[in-house]
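**Q** Give the three-dimensional model of this entry:
(one chain, ligands or ions: 1)
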Amino acid sequence: MDAGDFSRQPRGRTIKVRCCIVGGGPAGMMLGYLLGRAGIDVVVLEKHADFFRDFRGDTVHPSTLQVMDELGLIDGFLKLPHQRLQKMDGVFGGTPVRIADLSRLKVKYPFIAFMPQWDFLNFLRESGKRFASLKVMMSTEAIDLIRDGGRVAGVRANNPEGAVDIEADLTIACDGRHSLVRERAGLATLEIGAPMDVLWFRAGKRQNETESVFARVDPGSMMVTFDRGDYWQCAYVIAKGQYDAVKARGLSALLDDVARMAPILKPGLADVKNWDDVKLLTVAINRLPRWTRPGLLCIGDAAHAMSPIGGVGVNLAVQDAVATANLLAAKLANGCPAEEELDAVRRRREFPVRMTQRMQVVAQNNIVSAALKPGGEALKVPLVLRLITAVPWLQGITARFVGLGVRPEHVHSPLRA
Ligand SMILES: Cc1cc2nc3c(=O)[nH]c(=O)nc-3n(C[C@H](O)[C@H](O)[C@H](O)COP(=O)(O)OP(=O)(O)OC[C@H]3O[C@@H](n4cnc5c(N)ncnc54)[C@H](O)[C@@H]3O)c2cc1C
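**A** Take a look at the predicted model:
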């Protein structure tokens, strides 16, 4: 980004704030809540009119539940409809395996809560309404950065009322894995790569239909199912770039494969009527070597897209938000922290991100790639899975990794509102 590129040409309405958060996903809504709670003048821009989008991360892990507890929000949160998962069981080439047992964690909330992401985000939005300094602007899409001298000075946005410029001392990109803010700031990701993509769909769940199996691996195919009360949420893993080939075989061929792998789903698969009911997640693993520019910070998926392995994306985004508020909220009271101070967030969070991505790559190379190898050979349970299944103590280690992650964050940001 050249210093000469920066300019200020206000259009339409202008709003001045201390901090502008672009993106109302888990990172943006949690950070908005925390900064509002700290009395910082903050606005969150969300381009959609609501949070109702299906097939986003719906897993709320013990680390996030702990954060909700520290914020005094847990009782209300756990009153929302959700399902709980403690034991992650699988069938690998016909052999039962146990991947993790969260009941072994010595934490207040030793389970994964499955809750539609829109419920989680709506809850944060409603809870944040008590903070006078927090404003959430829905249907407001950031379209470019405002630049001033050598720094980012806010964003240009559009909403149904027209153009609006948000002038901010600090802009925080929480706009996800296809971040426009990151791109406009000239921050490039380091791509790590993944051998798979994922097809998401729902299959109706009949009353009394229960099964503890969470992951299934057969020669050439792999699937994870989540019990969501009245439906099964299914993630069917395909080899990278094979979506068109899978589509060309036809929907009924896909559903036959699914039913063969997971016979319990068979009646509910009638709910998958056409390809519109199947959503493709193009799996990416990447991260930014540099998370900042003067006046700008990227966090959550905008700074690091995670593989779906472990279902950790939402929780890392929340952890980033907590770390950002811990490190910057007090400083923001006096203006925009210097870029070196903003970079403290990367210095704190890069290690957990790298470690998690490394473990995801190990799982990809040892389990996913082996399972998706064409040829239909009988599958042997990898040694690491056999060990984890045989030694319950190890199921606590995997549970810790999935449920709490590396270097879990605790809320230390000020409560001033
Ligand atoms: C199909 C699918 C399934 C997934 N399953 C899981 C799972 O089971 N568990 C898990 O932990 N993670 C899962 N993930 C990943 C998880 O959803 C993300 O890691 C997590 O949501 C990241 O949070 P975030 O706030 O950083 O970004 P996002 O959740 O991507 O939020 C970004 C927000 O920014 C908004 N936005 C984007 N551009 C603009 C703009 N220009 N102006 C204003 N707003 C903008 C978007 O509308 C969005 O609301 C899944 C992801 C997908 C796509």
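**Q** ok, which residues in the stretch 51-200 of the chain are in contact with the ligand?
**A** Within reach of the ligand by Cβ under 6 Å from any ligand atom, the stretch 51-200 of the chain has these residues: Phe55, Arg56, Gly57, Asp58, Thr59, Glu141, Ala142, Cys174, Asp175, Gly176, Leu180, Trp200. Glycine gets a C-beta too; all of them are placed from N, C-alpha and C.
**Q** pretty sure the second one is touching Gln117, no?
**A** What that stands for is Arg56. Yes: using Cβ atoms under 8 Å, Arg56 makes contact with Gln117 at a distance of 4.4 Å.
**Q** Report how many residues lie close to the nearest residue to Gly311 once chain neighbours are set aside.
**A** Nearest residue to Gly311, sequence neighbours excluded (Cβ to Cβ, 6 or more residues apart in numbering): Thr59, at 4.0 Å. By the measure other Cβ atoms under 10 Å, the count of residues near Thr59 is 21.
**Q** Show me the residues of the stretch 51-200 of the chain next to the ligand that map onto strands.
**A** Those of those mapping onto strands are Thr59, Glu141, Ala142, Trp200, per DSSP state E.
**Q** okay but the third one is in contact with Ile21, surely?
**A** No: counting by Cβ under 8 Å, Ala142 does not reach Ile21; the two are 10.0 Å apart.
**Q** more neighbours, the two?
**A** Shown here are Ala142 and Ile21; by other Cβ under 10 Å, Ile21 has more neighbours (34 against 26).
**Q** Helix or strand: which one has that one?
**A** strand 13-22 (DSSP states H and E).
**Q** now do Leu78
**A** Going by DSSP H and E, Leu78 is in helix 74-79.
**Q** Which strands border the following helix or strand past that helix, and is each parallel or antiparallel?
**A** Note on helix 74-79: by DSSP H and E, the next helix or strand toward the C-terminus is strand 83-85. Paired neighbours of strand 83-85 in the sheet (DSSP bridges): strand 112-114 (antiparallel).
**Q** For the helix or strand that the partner strand is followed by, buried residues please.
**A** Toward the C-terminus, strand 112-114 is succeeded by helix 117-128 as the next helix or strand (DSSP H and E). Using 16 or more other Cβ atoms under 10 Å as the test for burial, helix 117-128 gives Gln117, Asp119, Phe120, Leu121, Asn122, Phe123, Leu124, Arg125, Ser127, Gly128.
**Q** Now helix 117-128 - C-alpha only, CSV.
**A** Extracted C-alpha coordinates of helix 117-128, given in CSV (Å, rounded to 0.1, in the frame of the first residue of the first chain):
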residue,chain,number,x,y,z
GLN,A,117,-24.5,-19.7,14.8
TRP,A,118,-27.3,-17.2,14.3
ASP,A,119,-28.6,-17.9,17.9
PHE,A,120,-25.1,-17.3,19.3
LEU,A,121,-24.7,-14.1,17.3
ASN,A,122,-28.2,-12.8,18.1
PHE,A,123,-27.6,-13.5,21.7
LEU,A,124,-24.3,-11.5,21.7
ARG,A,125,-26.1,-8.7,19.8
GLU,A,126,-29.0,-8.6,22.3
SER,A,127,-26.7,-8.8,25.3
GLY,A,128,-24.6,-5.9,23.9
